[in-house]
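# Fold the following, please.
(chains A, B, C, D, E and F, ligands or ions: 3)
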Amino acid sequence: MKKMIAKTATLLSGALLMPAMAFAEEAPKLDSGDTAWMITATALVLLMTLPGLALFYGGMVRKKNVLSICMQTIAIASLMSVLWVVAGYSLAFGEGNAFIGGLGKAFFSGVGYDTLSGTIPETVFATFQMTFAVITPVLIIGAFAERMKFSAVMLFTGIWVLAVYAPICHWVWGGGLFADDGVLDFAGGTVVHINAGVAGLVCALVLGKRIGYPKEPMMPHNLVLTMIGAALLWVGWFGFNAGSELAADGTAGMALLVTQVATAMAVLAWSVAEKMVFGKASLLGACSGAVAGLVAITPASGFVGPIGALAIGAAAGAICFCSVAFMKKAFGYDDSLDAFGVHGVGGMVGAVLTGVFASSTFGGAGLADGVSMASQVFVQIKAIVFTIAYCAAATFVILKVIDMVVGLRVDEEAEREGLDITSHGEQVLG
Amino acid sequence: MKKMIAKTATLLSGALLMPAMAFAEEAPKLDSGDTAWMITATALVLLMTLPGLALFYGGMVRKKNVLSICMQTIAIASLMSVLWVVAGYSLAFGEGNAFIGGLGKAFFSGVGYDTLSGTIPETVFATFQMTFAVITPVLIIGAFAERMKFSAVMLFTGIWVLAVYAPICHWVWGGGLFADDGVLDFAGGTVVHINAGVAGLVCALVLGKRIGYPKEPMMPHNLVLTMIGAALLWVGWFGFNAGSELAADGTAGMALLVTQVATAMAVLAWSVAEKMVFGKASLLGACSGAVAGLVAITPASGFVGPIGALAIGAAAGAICFCSVAFMKKAFGYDDSLDAFGVHGVGGMVGAVLTGVFASSTFGGAGLADGVSMASQVFVQIKAIVFTIAYCAAATFVILKVIDMVVGLRVDEEAEREGLDITSHGEQVLG
Amino acid sequence: MKKMIAKTATLLSGALLMPAMAFAEEAPKLDSGDTAWMITATALVLLMTLPGLALFYGGMVRKKNVLSICMQTIAIASLMSVLWVVAGYSLAFGEGNAFIGGLGKAFFSGVGYDTLSGTIPETVFATFQMTFAVITPVLIIGAFAERMKFSAVMLFTGIWVLAVYAPICHWVWGGGLFADDGVLDFAGGTVVHINAGVAGLVCALVLGKRIGYPKEPMMPHNLVLTMIGAALLWVGWFGFNAGSELAADGTAGMALLVTQVATAMAVLAWSVAEKMVFGKASLLGACSGAVAGLVAITPASGFVGPIGALAIGAAAGAICFCSVAFMKKAFGYDDSLDAFGVHGVGGMVGAVLTGVFASSTFGGAGLADGVSMASQVFVQIKAIVFTIAYCAAATFVILKVIDMVVGLRVDEEAEREGLDITSHGEQVLG
Amino acid sequence: MKMIRAIIKPFKLDDVKDKLIEAGVSGLTVTEVRGHGRQKGHTELYRGAEYNVDFVPKTEITVVVNADQVDQVVEAIVESARSGKVGDGKIFVTDVEKVVRIRTGETDTDAL
Amino acid sequence: MKMIRAIIKPFKLDDVKDKLIEAGVSGLTVTEVRGHGRQKGHTELYRGAEYNVDFVPKTEITVVVNADQVDQVVEAIVESARSGKVGDGKIFVTDVEKVVRIRTGETDTDAL
Amino acid sequence: MKMIRAIIKPFKLDDVKDKLIEAGVSGLTVTEVRGHGRQKGHTELYRGAEYNVDFVPKTEITVVVNADQVDQVVEAIVESARSGKVGDGKIFVTDVEKVVRIRTGETDTDAL
Ligand SMILES: Nc1ncnc2c1ncn2[C@@H]1O[C@H](COP(=O)(O)OP(=O)(O)O)[C@@H](O)[C@H]1O
Ligand SMILES: Nc1ncnc2c1ncn2[C@@H]1O[C@H](COP(=O)(O)OP(=O)(O)O)[C@@H](O)[C@H]1O
Ligand SMILES: Nc1ncnc2c1ncn2[C@@H]1O[C@H](COP(=O)(O)OP(=O)(O)O)[C@@H](O)[C@H]1O
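Ligands and ions are numbered 1, 2, ... in the order given. Model (predicted):
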């Protein structure tokens, strides 16, 4: 729903008119309740990255690389925040053309103590959006974990957020390319998850496999960390999804509910699938299922109802399980922590099913007047395809350039000894 | 206070009329501030379970069982969420008889984007309540940890939430049995804690002791995890208690304050008791004291003042310490992580003392007109007894049936090797 | 901004008038949005201590002392909460003289279900302030970690919060000494951080070095814990800074934004400095940078803009890095976990730069009419000097008295074996 | 003097230690090890990747005694460490030429 | 019987184990150790404090075999553990006087 | 060649290592162990359950040297590991029949 507020909402009619929009159409003034919720939501989304993702991924690597994951997370988060101030916010949400915003808001110029965005301060809107720009490149870590040079990681994510994230964000929420298509992406299924997942897959392919993969055992060293991470992602995601309403209202409430329901259902679906296929339901599976469910409900969260949430959760859990357990093996790439398998695939499942379950037939908020389920699904798929194409091409080019300039991978001995010591000079003891 | 909103509050008069009720009696409309707080509160209560309880309990078991605790937590949380949608919410809060609600709200039928419950969306109320239904069965894990079959755990908690939790919730908050008694249970001392504690005790008795208990050492493997868990329980409990006001007002503020004060006091009480009896104050003791205080202030949180909070905290800390350090040993049951000793006993201490300290004599919000402290305490005790009786009997029957169908305990070798590997095929390394 | 609400704001004119103040000047009534935010902010600040600081510090000590850090944290937090009820709140915010408040609000007398403080319940204001009184003494732990007697820790912090924290809090926010100076300390740079840092330095000097320091290796045993702690400090600090506005408005929004920006910038600054000086950027460095940035932006958060935040973050990261990497070595004291190096130094950097970047020249909210940048900086420095002088002297006296009464340090064997077992009878296994 | 190294099941450690002390042993040293033998390990499954972990956790006890105590000590270990199931472990006896107690400098039998 | 203790690089463990089983070894015990030798360690830096960690993680394999198997087993280890780089490790062979299988009480060659 | 195994207090490791290198030792291997002896352990208390932990953390140093170096090495260890308090540890010397350096295949004295 971000774009509706961000561009005073002209594209969706009838069934999708929510209270927030009613507000948006009067001369909006600051609402302390909406502001209270959005500051909180911002904190919740940051919690997803720090320490959420750091732990979710950190627990899955070998012990010798856990600090490198944590360091990459915090360093990327910081770099993205600063770049967002410098230019990112402006490129995504500033006035510009269909492809990208301009530099009018660079260094947050014009964003002051009393600038509003809808019923909340623009500072809050911009910081909320900043946390999205922070988490997206961190998601990609999962694909290149345990083998990429720290300098290359920083260069890559820094360029990527400006060259790939900002434009796609502009297309969907900033009034760009998809603005008139009626693409339904409530909280960033396409912008964040498909985008990060595809970028991850390209990274995995360009970097190649970890030494010893898949012969040597590469077991997650501490799934307690992964569980903490998954739990914080889950809790923080309420900020991500219900916060994307930019108000504390009925749509935010429904986003809260369906987020919880889809996630729970995805945990059960993944666990049951795992039990049936491999004989045991595992904690790693349950955590993966939770994230898959969260990813899939993201685009749908303000559009569907509880029944849709159950369906989307079940589909996401089962399909992502298959993608991780079979597809990766079949194709043989080394997406270390399944950034593509969970975020890419889960994002696509969610984006497509949003087109289905937003329909009032399934208790959703309803499609726009004159839009059939099939045509909505088509629109959704179009947005996915565009995103994949642009993201994959741009990511590939960026990686190749960085490879020529500083190199992408650490040397063999460093990879064996672990990045904690070799890249950062520290390690976890005992 | 939940029930007051949920059934348009007719039972408590005079001294207990809070601002929230004033709202409730006008034609209520959505308040963005209340909604902001309640979405946040919902996130906070989920945080208590995920990862709060998983860590609180997980740190206390032996390393070979820590993932099983985490897995049980996340799997139960998911199952409860889905069952709450399917039927739980309706059985607890739908129209029904004195014993249980009907199925009119099954699959959340009638809960849409703009349905209100008081001043907040019903989606938010229902999700907030869902997090209570999630945490209660997870609390029981503490009693059967390290030895119960995963399939039995899932079966047991799934049946229990519908057959035990939902009805008792209906009695206290849904307009059932206790609706006209004036039982004071602000945030669920009876519904959640006594209920879970008693169910835990029954589990411990029916399952029997862990192999080697109490001869072999069964030390908590990582109390840092337990501390994180206790801290997240503490922080999340602000959502539990202040959230139970269902509004951001003066009562919520007082609930916030007394929660903090009682908990702090209980930490000190437990620590001092431990220092006096055993010579050292321990972190595990401090964490246990915190939870004991949180449990005991739960029913009282919107009814008492700071003085009452100090008293309830001190009592809870000291009494739960004794129950855990002496009573368990005396009776010889193996309540592995003291689900009964802390939640059951702490819940009873709190429920009884609520009757005392709600009185305006002690700076509380005051008892209802014409109700004496003694008669209020009697009402409180009556509710406790009813709850214990029903919960114990029903829990016993459910366990016996499951024992016959799939068996309750893992086999000896699996228990020795640890549930992480034998039940879930994974372990914590290094 | 706390003091403005707390004393109906007479000191800052013109440029600093924020919406919250407008409210404050009408007959204030409860605002559910502000209350929602402030309850949340209170939870966030508690999260900083529990488990934030416990983990941040706990990960940096040797494994044999990690539980002692956690125990000190939770026990101090509890003691401070109770003392705040008993007398602390009254001494800081009650009517009194320029040096200290009176005992009129001891035991929170007069703070009831419907007492307001501005637009929020006074219970919420008092609990929010309680969390500040909780975190400040816990920060000091970093200086005396791994060697101080538990009884001495409790005695020291208990006396210190009443004798040092409460008066300084009164000076800045309670209408005391600095009330008419126009000192800018939005969220407690002086009261909390300089205060804690200086007290820490005095502790380090009075207690002396740890056995074996600096010859024996004393590596942080688990920087994953430190990262979790730093991340929770970061997220919770939104409550600390944006919460200090006591309302959900434009100033809170800007506080949110600049907190994020300064912190991110400080992470980058520390990391780059470390990379240049030592050849590698480390996770511990990034985490330390984050905290340095958070500390430095604290006094500035409601007064500066994004540009000021970038500058303050960069300065804090670079300067605190130097203080920790060179100054400590040069002077040879053992501030075990750099309580002074990060909080003391960072606090001073922030307090001074607040005087610079609050100016509207740099996009800040602007200095008071007729106040030049130089004179504001002078006022800031004066407040720093006063605080240092009083804090250092009082802390020294308290420590010396305690040393005579119970002794400050554990004996050599206990220090070797570790405080976990010797002081608390427990340890982390595996 | 002889060094006796016994690989046993971890949960038997307390029993064995008690028996050894009863048998007059004055000191012993314990190491956490992993063993591979007849007792099979287990399978771990992470997102479809299957790993056979064919080492099981074992505890190694090292005790140095006078040559004349060897049989008695071996006997004590066998008795207390036996569960009758595969994986109970092995005992190895080797010769020790010299023992020194660091604190006092005493050597050989005096040092035990 | 002889006890063969080999200190190897941790990531070689699986290869060595497979080779040993091929060579007819029926059991072995593994310990995580740290080694100091020609292979240099690394430097750790914490807030300006520099520590030289001059132990590197190694894995020790202990296997007891009949005297006549020693050469073959040593050979198998050397082959499978060699990477050709400094730090590949060492093998020590000592004499074992007695072996007992705890489960059955069998001794010496029968116990292996 | 001889194998010298010394059980020492963990915080003495660095001193001992330095002394050994001074004494001409070219390599050594370290294992974390737990010891039971005259030095008493401690008591842990969890919610009223009391456990006597009667193993204390120790560090074991293994170093293989030529027979003629044994006395000097033992001396070096004793000197550097002694604190004079109970629990300083023990040194055991055993015979080694064969040493192989994996990297080069060199044997015995050449391999040290
Ligand atoms: N030849 C050997 N050399 C070294 N250790 C051995 C040897 N054989 C067995 N072990 C150790 O003894 C343990 C138990 O042996 P196993 O064959 O599983 O059962 P059992 O002792 O009942 O025959 C193994 O896990 C391993 O640690
Ligand atoms: N004399 C020795 N006694 C005991 N262990 C040794 C000895 N020499 C080497 N080691 C062990 O062997 C490992 C490898 O030795 P090192 O000198 O690094 O390389 P290389 O084996 O290639 O000569 C060391 O890390 C140490 O664990
Ligand atoms: N007979 C023994 N066999 C094996 N290890 C022993 C023996 N006696 C002592 N140790 C080891 O030496 C350590 C120190 O011994 P202890 O009796 O505590 O003190 P001291 O070395 O001062 O006599 C013990 O913790 C144990 O690890």
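# Please enumerate the strands of chain A.
A:116-117, A:120-121 (DSSP state E).
# ok, and which of those strands has the densest surroundings?
Of all these, strand A:120-121 has the most neighbours on average by mean count of other C-beta atoms under 10 Å in any protein chain shown, namely a mean of 30. (Glycine included, C-beta is placed from N, CA and C.)
# Could I get the average pLDDT for that one?
Averaged across strand A:120-121, pLDDT comes to 98.
# circling back: between the strands of chain A, which one is closest to ligand 2.
Nearest to ligand 2, of all those, is strand A:120-121, at 60.2 Å by C-beta to the nearest ligand atom.
# Which strands and helices lie in contact with that closest one?
With contacts defined as 3 or more C-beta pairs under 8 Å, 6 or more residues apart in numbering or on different chains; DSSP states H and E, strand A:120-121 has these neighbours: helix A:32-47, helix C:250-278.
# Mind doing that once more with 7 Å?
For strand A:120-121, the elements it packs on are helix A:32-47, judged by 3 or more C-beta pairs under 7 Å, 6 or more residues apart in numbering or on different chains; DSSP states H and E.
# so the helix it packs on versus helix C:250-278, what angle?
Here helix A:32-47 runs at an angle of 20 degrees relative to helix C:250-278 (axes from the mean of the first three to the mean of the last three C-alpha atoms, to 10 degrees).
# What is helix A:32-47 packed up against?
strand A:120-121, helix A:122-144, helix A:223-243, helix B:32-47, helix C:32-47, helix C:223-243, helix C:250-278.
# in stretch D:48-63, what's buried?
Residues of stretch D:48-63 classed as buried: D:48-49, D:51, D:54-56, D:58-63 (neighbour count, 16 or more other C-beta atoms under 10 Å in any protein chain shown).
# circling back to that earlier point, tabulate the helices and strands packed on helix A:32-47 in JSON lines, adding columns for distance to B:Gln376.
Conversion of these to JSON lines gives the following (distance: least, C-beta to C-beta, whole Å):
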{"stretch": "strand A:120-121", "distance to B:Gln376": "44"}
{"stretch": "helix A:122-144", "distance to B:Gln376": "45"}
{"stretch": "helix A:223-243", "distance to B:Gln376": "37"}
{"stretch": "helix B:32-47", "distance to B:Gln376": "27"}
{"stretch": "helix C:32-47", "distance to B:Gln376": "28"}
{"stretch": "helix C:223-243", "distance to B:Gln376": "36"}
{"stretch": "helix C:250-278", "distance to B:Gln376": "41"}
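# So which of these is nearest A:Ala358?
helix A:223-243 (14.4 Å; C-beta to C-beta).
# Convert that closest one to CSV, retaining C-alpha atoms only.
The C-alpha coordinates for helix A:223-243 follow below in CSV (Å, rounded to 0.1, in the frame of the first residue of the first chain):
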residue,chain,number,x,y,z
LEU,A,223,20.5,-24.0,14.9
VAL,A,224,19.6,-22.3,18.2
LEU,A,225,20.9,-19.1,16.6
THR,A,226,18.9,-19.9,13.4
MET,A,227,15.8,-20.3,15.5
ILE,A,228,16.3,-17.0,17.3
GLY,A,229,16.8,-15.4,13.9
ALA,A,230,13.7,-17.0,12.4
ALA,A,231,11.7,-15.9,15.5
LEU,A,232,12.9,-12.3,15.3
LEU,A,233,12.1,-12.3,11.5
TRP,A,234,8.7,-13.5,12.3
VAL,A,235,8.0,-11.0,15.0
GLY,A,236,9.6,-8.2,13.1
TRP,A,237,7.7,-9.0,10.0
PHE,A,238,4.6,-7.7,11.6
GLY,A,239,6.3,-4.3,11.2
PHE,A,240,7.2,-5.2,7.6
ASN,A,241,3.7,-6.2,6.5
ALA,A,242,1.3,-4.4,8.9
GLY,A,243,3.7,-1.4,8.7
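# So for it, mean pLDDT?
The average pLDDT for helix A:223-243 rounds to 98.
# Cross-check the buried residues of stretch D:48-63 against ligand 3 and keep the overlap.
Among the buried residues of stretch D:48-63, the ones lying near ligand 3 by C-beta under 6 Å from any ligand atom are D:62-63.
# Return the closest of the buried residues of stretch D:48-63 with respect to chain F.
Closest approach between these and chain F, by C-beta to the nearest C-beta: D:Thr62, at 8.0 Å.
# Now the closest one: closest residue in space that isn't a chain neighbour?
D:Thr29 (4.6 Å; C-beta to C-beta, 6 or more residues apart in numbering or on different chains).
# Quick check, pLDDT for that neighbour.
With respect to pLDDT, D:Thr29 scores 98.
# try A:Tyr165
You'll see A:Tyr165 listed with a pLDDT of 98.
# That one contacts A:Val134, doesn't it?
No - checked against C-beta atoms under 7 Å, the pair A:Tyr165 and A:Val134 is beyond contact range at 10.2 Å.
# how about residue 89, what does it touch?
Went with chain A since none was named. A:105, A:108, A:126, A:129 (C-beta atoms under 7 Å, 6 or more residues apart in numbering or on different chains).
# looking at chain D here, not the other one
Counted by C-beta under 7 Å, 6+ apart, D:Gly89 has contacts D:6-9, D:58, D:81, E:102.
# Check A:Ala286 too.
By C-beta under 7 Å, 6+ apart, the residues touching A:Ala286 are A:267, A:270-271, B:71, B:74-75.
# Okay, it and chain D: tell me how far apart.
The spacing between A:Ala286 and chain D, counted by C-beta to the nearest C-beta, to the nearest Å, is 12 Å.
# now do A:Gln129
Relative to chain D, and taking C-beta to the nearest C-beta, A:Gln129 is found at 32 Å.
# Can you get me a residue count around A:Leu177?
For A:Leu177, the count of nearby residues is 21 (other C-beta atoms under 10 Å in any protein chain shown).
# swap in the one 3 residues further on?
Neighbours of A:Asp180 under the rule other C-beta under 10 Å: 10.
# Check what pLDDT it gets.
Per-residue confidence (pLDDT) for A:Asp180: 83.
# just D:Thr109 next, same as before
At D:Thr109, the predicted lDDT confidence score is 87.
# For D:Leu28, grab phi and psi.
Main-chain torsions, D:Leu28, degrees, to the nearest 10: phi -160, psi 160.
# Just list the residues touching it, thanks.
D:Leu28 sits next to D:17, D:20, D:61-63, F:36 when contact means C-beta under 7 Å, 6+ apart.
# Would you reformat those as TSV and include pLDDT?
Written out in TSV, the entries for the contacts of D:Leu28 read as follows (pLDDT from 0 to 100):
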residue	pLDDT
D:Lys17	97
D:Leu20	97
D:Ile61	98
D:Thr62	98
D:Val63	98
F:His36	96
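# Mind checking which of these land in helices?
Counting by DSSP state H, the contacts of D:Leu28 place D:17, D:20 in helices.
# can you tell me which two in the contacts of D:Leu28 are farthest apart?
Greatest spatial distance among these (C-beta to C-beta): D:Lys17 and D:Thr62, at 12.3 Å.
# can you give me the helices for chain D?
Taking DSSP H to define them, one finds helices in chain D at D:13-22, D:70-81.
# most packed of the ones you listed?
helix D:70-81 (a mean of 19).
# close to chain E, is it?
Yes - counting by C-beta under 7 Å from any C-beta of the partner chain, chain E has neighbours in helix D:70-81: D:74, D:78, D:81.
# Those residues also near ligand 3: which ones?
Taking C-beta under 6 Å from any ligand atom as the test, ligand 3 is in contact with none of these.
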